[in-house]
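Colleague: Can you look at this prediction? I've put the sequence above it.
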Amino acid sequence: MARRKKIYEGKAKILYEGPEPGTIVQYFKDDATAFNAEKRDVIDGKGVLNNRLSEFFMVGLNSIGVPTHFLKRLNMREQLVRSCEIIPLEVIVRNFAAGTMAKRLGIEEGTPLPRPIVEYCYKDDKLGDPLVTEEHIAAFGWASQQDMDDILSLALRVNDFMSGLMYGVGIKLVDFKIEIGRVYDGDYQRLVVADEISPDSCRLWDIETGRKLDKDVFRRDLGNLTDAYTEVARRLGVMPANATPMEKPKLIN
Ligand code: 5GP
C-alpha cells in the first residue's frame, strides 16, 4: 500500500491526506495526555473506543440535521472526514460546574447550572488554551459575528442531543468541548462540528453513583480509563468488534 501523507499529528490523533480531494483520514491513537501534555501515557484500546464513540455521536448529529465533518468509519482506528479549516477556538458547554470553571469561580463540582454556560478558549498549546471572550474573538478576527451566532447554535444543539442520549443510558453530561470547522461548498461556506466527540472531550458521570466515565479517570488517577470508556460504549450499544457482546440498553422514553 502506498505511504500516506501525514498532514498533522496531535496529542490523540493523526491526520492523513484522504483518498479524494477535500477528505482527511483521522487516526485515533492510544495516547492520553492531560494538563497540557505534562501528564502522558499510552492506554491500550482508547483509540478504538474513541473512534467508535465519535462515529456514533457524529452520525447521530448528522441524522438530526446538525452538520459535522464526519463521512464514514474506515476501520477500528480510522474515520474519513471532510477537510475543513478549524476555527482556533475550543467551544465548551457546561451543564454542571466542574473542572476549570468550578476551580476558577470556587463553585462546588456537580452544582447544577441554571442554564447551559458556553465558554470559549483560544486553541494554543503554548498558552495553555486560555479562556477568551467574544470581544477577543472579534478583535483578533478568529471568527465573525455570524460565525459566533452559528457556533452558539451548534454548541447548544450538540448539548441537547448529547444530554438526552446520555440521560437515556443513566449518564449525566456534565460538560464537553467541541471544535468547529469551516467547509466550502462552491461559493458558500458553512460551519460544521469537527475533530471528535468522545469521553476524552466530555465529562460523563453515572447518574446513580456519580462514577466518572471520562478522561478525568486518567487526569485524576481514578482507575482504569478503558474500563470507563468501555462502560459508556456498552451502555450506548456501541461495541468494539472484539469485545464481548452484551444486551443493548433500553432507552427511557
Ligand atoms: P475544563 O475547562 O473544565 O478543563 O474542561 C471542560 C470540558 O472540556 C471537559 O469536558 C474537558 O474534557 C473538555 N476539554 C477542555 N479542554 C480540552 C482539551 O484540550 N482537549 C480535550 N480533549 N478536551 C478538553
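Modeller: Right, received. Where do you want to start?
Colleague: secondary structure class for the residue nearest to N224 when sequence neighbours are not counted?
Modeller: Nearest non-adjacent residue to N224, counting by CB to CB, 6 or more residues apart in numbering: V217, 7.3 Å away. Glycine gets a C-beta too; all of them are placed from N, C-alpha and C. Put simply, V217 is helix when judged by DSSP: H, G, I helix; E, B strand; the rest coil.
Colleague: right, and V217 touches T226 too?
Modeller: No - taking contacts as CB atoms under 8 Å, V217 lies outside contact range of T226: 9.4 Å.
Colleague: of all of the chain, which residue lies closest to the ligand?
Modeller: Closest contact between the chain and the ligand, by CB to the nearest ligand atom, is at G99 (2.0 Å).
Colleague: Please name the residues that touch that residue.
Modeller: If you count contacts by CB atoms under 8 Å, 6 or more residues apart in numbering, G99 has them with E109, D175, R203, D216.
Colleague: Going through those, which ones are buried?
Modeller: For these, a burial check counting by 16 or more other CB atoms under 10 Å picks out D175, R203, D216.
Colleague: so what's the second one up against?
Modeller: In other words, R203. Per CB under 8 Å, 6+ apart, neighbours of R203: F96, A98, G99, L173, V174, D175, F176, K212, D214, D216.
Colleague: Can you pull the domain assignment for the chain?
Modeller: For the chain, whose domains are defined here by the TED database, the residue ranges read 6-82, 85-233.
Colleague: Columns distance to M239 and mean pLDDT on top of those, output as TSV?
Modeller: As requested, the domains of the chain are exported to TSV (distance: least, CB to CB, whole Å; pLDDT from 0 to 100):
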stretch	distance to M239	mean pLDDT
domain 6-82	8	97
domain 85-233	6	97
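Colleague: you'd agree R235 is in a strand?
Modeller: No - using three-state DSSP, the secondary structure at R235 is helix, not a strand.
Colleague: Grab the nearest non-local neighbour of it.
Modeller: V169 (3.9 Å).
Colleague: Number of residues surrounding that neighbour?
Modeller: Each residue near V169 was counted by other CB atoms under 10 Å, and the total is 20.
Colleague: Next, give phi and psi for it.
Modeller: Main-chain torsions, V169, degrees, to the nearest 10: phi -120, psi 30.
Colleague: and L71, helix, strand or coil?
Modeller: Here L71 is recorded as strand under three-state DSSP.
Colleague: quick one, which of V217 and T226 is more surrounded?
Modeller: The neighbour comparison of V217 against T226 (other CB under 10 Å) goes to V217, with 21 against 17.
Colleague: That one: what's it in contact with?
Modeller: G223, N224, L225, A228 are the contacts of V217 under CB under 8 Å, 6+ apart.
Colleague: residues in contact with the third one?
Modeller: L225 is in contact with A32, I43, K46, K215, V217, F218, counting by CB under 8 Å, 6+ apart.
Colleague: so what's the third one up against?
Modeller: When you say that, I think you mean K46. Neighbour list for K46: F28, K29, D30, D31, A32, D200, L225, T226, Y229 [criterion: CB under 8 Å, 6+ apart].
Colleague: and the protein, which of its residues are near the ligand?
Modeller: 90, 92, 98-101, 129, 175-177, 200-203, 215 (CB under 6 Å from any ligand atom).
Colleague: mind running it again at 8 Å?
Modeller: The chain comes close to the ligand at residues 11-12, 36, 90, 92, 94, 98-103, 119, 121, 129, 174-177, 196, 198, 200-203, 214-216, as judged by CB under 8 Å from any ligand atom.
Colleague: Mind checking which of those are in strands?
Modeller: Among the residues of the chain next to the ligand, the ones falling in strands (DSSP state E) are E90, I92, R94, E119, C121, V174, D175, F176, K177, C202, R203.
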